[in-house]
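In: when you get a sec, could you give me coordinates for this:
(2 chains)
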Amino acid sequence: MQLAVNIAVLASIYALICCGYVLIYRVSRVLSLAHGELMMLGAYGLYATASLFSGHPLLAVAAAGGLALAVGAAVYAALMWRMTGESVLAAVLATIALGILLRGVIVLAFGSQTQHPLRDLGWSNVSLEVGGGARISAVGLALVLGTAVVYGSLFAFLRGTRWGIRMRAAGQNPLLAAQRGIGLHGIYALAWALATFTGGMAGMLLACDAGLEGTLVTIGLKAFPAALVGGLDSLLGALVGALVVAGAEVLMIHYVDPLLSDVVPFLVLLAMLVVRPWGLFGSREELDRV
Amino acid sequence: MRSKSLIVAALAALPLCAAAQDAYVIGVSAAMTGPVAATYAPVVDAMKAYLEHINGRGGINGKPVRLVVLDDQAQPSRAAANAKQLVAQEKVLMLLNTSLSSTYAPMVAEARSAGVPLYFAGAVCPKDTFPPADPLQFCSTAFGANLDSQAALAFVKAQSREPVRIGFAAMAIPISRGEIDYAEGLSKTLGMTPVEKQITPPPTPDYTPFATKLKDANPNWMYSWAPWVSQVRTFEAMRRLGWSGRYITWAHLNAEEELARVRDGGLYVIGTNAFLEDNLPVHAEMRAIAHRANLPHPVSYLTEGFVAGFVLETALRNTPWPPTPQKALAAMNSLKVDLKGLRGGPLEWTKTNHFRTRQYYRVWRWDPAGTRVARVQDWQAIDVKQ
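Out: Below is the predicted model of the structure:
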């Protein structure tokens, strides 16, 4: 039972991070390599709002979420919209530059010391019994529930709302979507905002669990194989990919060798690239673009 | 960007009349930014603040000390470029490394070709500083491979009335793995039963899967020697899984602050530096200097940097003017530094021992009854032999 809980928590972390990669790629065909940094920025946003709204943790969390949405939209408005019409490679390079810039800005603004936003919020990461002798931390539970809510909301948004349908249309055929009067810049900005929000949410929860420091960026990159395994243009794929990678990782730690946990995601990815290069739920035609 | 500002700050701290050739020039390559900066930047910042304080009081032997700090972001290629620049352009008297062990090789090569002493401060002491020492490499950093495990396991043995079933946790970096492998072997010779060993990759999003396996092995003691994040997160994950044993681990720069954050009487830290809780006269001096320099780190993080500052001060005081790398080397080969209580005794280097002749250990934990960090074991000395 504890193994199942461990898989669920790790899969939730990967799925929440992957969500941002997939949203941006699905809508604009841009692979954001600044996602780890945006995730970390979201976590530092929580650290800042926790100090700003001291004694009002819910307000601080809501403000941090709003900040992440705004940052995502601002990144598109300030940088990525200029990449519209440019080659995919140029856009990817722009995200790399953005990542380097953000890392520098974060060090200058917040320093290099480990921070603990959960303590600043006045909360503690208690342990909860979930049956069968298994336990989960409060932050772990928040990760699982948060991921479920995010994915549920995104599926509902993309299938049942006007803006969601527009977003899917822009992703499938931007030229046709534009000719039908859909404002592509608005759609792309929304995708960046949502991706930064979900990534920021992952960053906030990870920082609450483990403290906030520069290595958070690397965890952002570590989730990338899960997105590729599931299919880079499929939200359902991201969810399944995260579960596959997390399951392989946890089982390898428990039954084989903990040292293999670092390479397992990439072994799964390699196997997937050999058997089904476009991922479990990805579109075959997208491979050429990648 | 930060490294440039540090250089500018260092220059600005000097009296205007002090020309470059009229100062003791020390070249530092350090991880001032990047993922591991939290471990290294406080050391350099504290050392710099202390040397500025010395400069403000007339310098050493009537000459100022000029610290040229270049950021290597813990990248070997940057460390190599920094070392070349420091030797060729800055004509430094001594090279100083405060960064990851992966940056050592290029700096050692540069130090050898230039015949300049290389001092590791706040960075892991390489084996070459232990007796018989490499002629050019020196180290004052608190932790010492093998010695730390000897001290930690001796403490575990002394504390335990019941048979010890011990688990081990390391990070998947060579130095941490090597030390934990050594400790595992040592535990058997001390009559303990090693029950499980987990090596976590850096970084790990969730430590619970590793902690689950450790907890399932049911150890009554755990020992970890790794970067702080790995040590404390393994402990916290085990506690959340319901493990109730005792955990001893290395006291990194942030240990005192972290003990107060975690507030668990079963978490012990072993280290060689005094804590602010001791409230020594030198701590008041550290507070005043840190305040004047407006350092962004808690004072409890600065001990290692002040130790390095004391070492540099003593070494340079014994280096007659005009200084040369050879004169500095001669001074460092026979050095005794009064650390004012920051460690259990003076730091001594000899011609064959560039680590220290004696290492002193203390153990601390959170005292739930007194709600404060409390000393569990006072200084215990281990002689460092060949």
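In: CA only for contacts and neighbour counts going forward, please
Out: Will do.
In: pull out the buried residues from the helix or strand containing B:Gln85.
Out: Using DSSP states H and E, B:Gln85 sits in helix B:76-88. Using 16 or more other Cα atoms under 10 Å in any protein chain shown as the test for burial, helix B:76-88 gives B:Pro76, B:Arg78, B:Ala79, B:Ala80, B:Ala81, B:Asn82, B:Ala83, B:Lys84, B:Leu86, B:Val87.
In: what average pLDDT does that helix get?
Out: On average, the pLDDT along helix B:76-88 is 96.
In: so where is the chain shaky, pLDDT-wise?
Out: You didn't pick a chain, so chain A it is. Chain A contains residues with pLDDT under 70 at A:285-290.
In: oops, I was thinking of chain B
Out: In chain B (pLDDT under 70), the answer is B:1-21, B:386.
In: return the residues of it in contact with chain A.
Out: For chain B, the residues in contact with chain A (Cα under 8 Å from any Cα of the partner chain) are B:33-38, B:41, B:172, B:198-201, B:203-206, B:208-210, B:212-213, B:229, B:233, B:240-242, B:296-297.
In: show me which of those are buried.
Out: The neighbour-count test (16+ other Cα under 10 Å) marks B:33-38, B:41, B:172, B:198-201, B:203-206, B:208-210, B:212-213, B:229, B:233, B:240-242, B:297 as buried among the residues of chain B next to chain A.
In: among the residues of chain B next to chain A, which are in strands?
Out: B:Gln198, B:Ile199, B:Thr200 (DSSP state E).
In: pull the contacting residues for B:Leu95.
Out: By Cα atoms under 8 Å, 6 or more residues apart in numbering or on different chains, the contact list for B:Leu95 reads B:Ile26, B:Gly27, B:Val28, B:Ser29, B:Ala83, B:Leu86, B:Ala111, B:Val116, B:Pro117, B:Leu118, B:Tyr119.
In: equivalent analysis for B:Tyr361, please.
Out: Contact analysis of B:Tyr361 by Cα under 8 Å, 6+ apart lists B:Ala151, B:Ile270, B:Gly271, B:Thr272, B:Asn273, B:Gly344, B:Asp378, B:Trp379, B:Gln380, B:Ala381.
In: nearest to chain A: which residue in the stretch 101-250 of chain B?
Out: Residue nearest to chain A within the stretch 101-250 of chain B (Cα to the nearest Cα): B:Arg240, separated by 5.0 Å.
In: quick check, that residue in contact with A:Ser127.
Out: Yes: using Cα atoms under 8 Å, B:Arg240 is in contact with A:Ser127, at 5.0 Å.
In: check which helices and strands the biggest strand by length in chain B is in contact with.
Out: Longest strand in chain B, counting residues (DSSP E): strand B:372-383. Applying 3 or more Cα pairs under 8 Å, 6 or more residues apart in numbering or on different chains; DSSP states H and E, we find strand B:372-383 packed against helix B:255-262, strand B:358-367.
In: can you say which of those is nearest to B:Leu70?
Out: Closest approach to B:Leu70 among these is made by helix B:255-262 (27.0 Å; Cα to Cα).
In: next helix or strand past the closest one?
Out: Counting by DSSP H and E, what follows helix B:255-262 is strand B:267-271.
In: what about the strands in the stretch 1-150 of chain A?
Out: Applying DSSP state E, counting those that start in this stretch to the stretch 1-150 of chain A gives strands spanning A:127-131, A:134-137.
In: now do the first one: which elements does it pack against?
Out: With contacts defined as 3+ Cα pairs under 8 Å, 6+ apart, the secondary structure elements packing on strand A:127-131 are strand A:134-137.
In: good, wrapping up.
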